[in-house]
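Curious how this folds, go ahead:
(2 chains)
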There are 2 protein chains.
Amino acid sequence: MPETALQLVARVRNDFTEKFGVPRQAGLAEDLISRVVFEPEFKNADALRGLEGFSHIWLIWGFDRAARRGWSPTVRPPRLGGNRRVGVFATRSPFRPNALGLSCVRLLGIDGTDLLVGGADMTDGTPVYDIKPYLPYADCRPEAVGGYTDDLPERRLAVDFPEELLRKLPEEKRPGLLEVLSHDPRPSYQSDPEREYGLAFGGYDVRFCVSDGTLRVFQVLAK
Amino acid sequence: MPETALQLVARVRNDFTEKFGVPRQAGLAEDLISRVVFEPEFKNADALRGLEGFSHIWLIWGFDRAARRGWSPTVRPPRLGGNRRVGVFATRSPFRPNALGLSCVRLLGIDGTDLLVGGADMTDGTPVYDIKPYLPYADCRPEAVGGYTDDLPERRLAVDFPEELLRKLPEEKRPGLLEVLSHDPRPSYQSDPEREYGLAFGGYDVRFCVSDGTLRVFQVLAK
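Alright, predicted model coming up:
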């Protein structure tokens, strides 16, 4: 079996120390800010020249927490409720032959050689193997048909986040967190209104319940 | 330097035995048909279940002919005339730290476990590391700004391909070849009207000249 080695080029830095709460796809929570930090040997402003003119970029990255579990031909995507099997190549599941992720994110700015991006769907520390500009003429296909994903309703929750709890978080983190919560971080098959969830976000434990289409935050603890 | 190994999942099969003539990006020549042929251990119809509902797919693949040349922080994209340097991460150049390519292609059909795709920008034999569905809600960004690529005129040539020469080629190969020629396969910095070019395509040598915005095929030789 021929193999090709990938070098670690950069790492994602953001507020998600755990997988719970990470948006299911890139772009769903565009106010969520991450930093792409190059490894020492790739910290080079020249390598970014011209990138500032692009509004969106691709990240090709590694599902480093999934790699060890291997792959099976079919998977059960959470968005399908976790009970319908589809082929792994018909999904963006982490559990694939090569555990590569692909995400289109907004390029918010370049800070030294760090990239500030909006809408990433990765945890803190995720390895990045390539950064490419999003080329509208090649990558944007308005005519595209999205198979089984086209039929899925976009489930959004109302978010009840009391002002005194929200103020415990730094101001710049609030819009992204509110987006994340509105996308319903719970596993698809859970709908117990009594159940309490804890979202680890930027050093805080954001505790909430969900009932009747509303997510209610009842506690924010510094960890 | 941490490294991650990629397994060979499939190979592209098409009419380009040489790099000359391969479209500069995916989707430019959608009538160009390629076949994605899985390696024996990944030939599994279950792994493709549900993929048939998608009109477009992503291929993550290896620039296997570029990998040996290494990378430099800046490159000169052919589309910029080959004389302007931009950062490698602001381009889709093959000469990058990890020689990965990313292409959105049309899914024309599934033949056994082979994928028939339109618009690939790869040579015959190109290694494929991942296949993912194109998700319109995450991947299609009509608001995206394409940096320096937005200012570039789309240069198309008129193609004068005499009927008796065109008939030498199998009928199903003709539309793709005509698209490829209209996109001007010459290196950007060449404009000698006397110069004769030979495009290797599906076992034929398609010989042409270009002058005054018209590409004229004057010979088609079986190789």
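
For the longest strand seen in chain A, C-alpha coordinates in CSV please.
In chain A, with assignment by DSSP state E, the single longest strand is strand A:100-111. The C-alpha trace of strand A:100-111 is given here as CSV (Å, rounded to 0.1, in the frame of the first residue of the first chain):
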residue,chain,number,x,y,z
LEU,A,100,-8.5,14.7,6.2
GLY,A,101,-10.9,17.6,6.8
LEU,A,102,-11.7,20.3,4.3
SER,A,103,-13.1,23.6,5.4
CYS,A,104,-13.9,26.9,3.7
VAL,A,105,-13.4,29.7,6.2
ARG,A,106,-13.6,33.5,6.1
LEU,A,107,-10.2,35.2,6.1
LEU,A,108,-10.7,38.0,8.6
GLY,A,109,-7.1,39.3,8.7
ILE,A,110,-3.5,38.5,8.8
ASP,A,111,-1.7,39.2,12.1
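
Just the buried residues of the very next helix or strand once past it, please?
Next in sequence after strand A:100-111, counting helices and strands by DSSP states H and E, comes strand A:114-118. Neighbour-count burial for strand A:114-118 flags A:D114, A:L115, A:V117, A:G118 (criterion: 16 or more other Cβ atoms under 10 Å in any protein chain shown). C-beta here means a position set from N, CA and C on the backbone, and glycine is covered the same way.

Make TSV from these and add distance to B:L199 and pLDDT to it.
Compiled in TSV, the buried residues of strand A:114-118 are given as follows (distance: Cβ to Cβ, whole Å; pLDDT from 0 to 100):
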residue	distance to B:L199	pLDDT
A:D114	43	98
A:L115	39	98
A:V117	40	98
A:G118	43	97
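
which one of the residues you listed is nearest A:C104?
Comparing these against A:C104 with Cβ to Cβ picks out A:V117 as the nearest, at 9.9 Å.

Compile the buried residues of strand A:114-118 into a markdown table and extend it with columns for distance to chain B.
Listed next are the buried residues of strand A:114-118 as a markdown table, based on distance: Cβ to the nearest Cβ, whole Å:
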| residue | distance to chain B |
| --- | --- |
| A:D114 | 13 |
| A:L115 | 9 |
| A:V117 | 13 |
| A:G118 | 12 |
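
low-confidence ranges in chain A?
Applying pLDDT under 70 to chain A flags the ranges A:1-3, A:66-69, A:189.

mind listing the helices for it?
A:136-139, A:163-166, A:174-182 (DSSP state H).

Dump these into TSV; add mean neighbour count and distance to chain B as well.
Shown next, in TSV, are the helices of chain A (neighbours: other Cβ atoms under 10 Å in any protein chain shown; distance: least, Cβ to the nearest Cβ, whole Å):
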stretch	mean neighbour count	distance to chain B
helix A:136-139	20	4
helix A:163-166	12	28
helix A:174-182	20	14
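
Put together TSV for those helices, with distance to B:E163 on each row.
Below are these laid out as TSV (distance: least, Cβ to Cβ, whole Å):
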stretch	distance to B:E163
helix A:136-139	31
helix A:163-166	71
helix A:174-182	58
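
Indicate which one of those helices is closest to B:G101.
So among these, helix A:136-139 is nearest, using Cβ to Cβ, at 11.6 Å.

starting at the chain centroid, how far to the closest one?
Relative to the mean C-alpha coordinate of its chain, helix A:136-139 is positioned 22 Å out (Cα atoms, centre = their mean, to the nearest Å).

Repeat that for stretch A:96-116.
The answer for stretch A:96-116 is 10 Å, by Cα atoms, centre = their mean.

Show the end-to-end separation of that stretch, please.
28 Å (Cα to Cα, to the nearest Å).

Can you mark which positions in that stretch are buried?
A:96-108, A:113-115.

which one of these is nearest B:Y197?
The closest of the buried residues of stretch A:96-116, once distances to B:Y197 are taken by Cβ to Cβ, is A:L102, at 35.2 Å.

That closest one: what's it in contact with?
Contact partners of A:L102, counting by Cβ atoms under 8 Å, 6 or more residues apart in numbering or on different chains, are A:W58, A:L59, A:I60, A:W61, A:R92, B:W58, B:I60, B:L102, B:D130, B:K132.

The residue nearest in space to the middle of chain A and chain B, how far apart?
Centroid-nearest residue in chain A, with Cα atoms, centre = their mean: A:D121, separated by 0.9 Å. With distances taken as Cβ to the nearest Cβ, to the nearest Å, A:D121 is found 9 Å from chain B.
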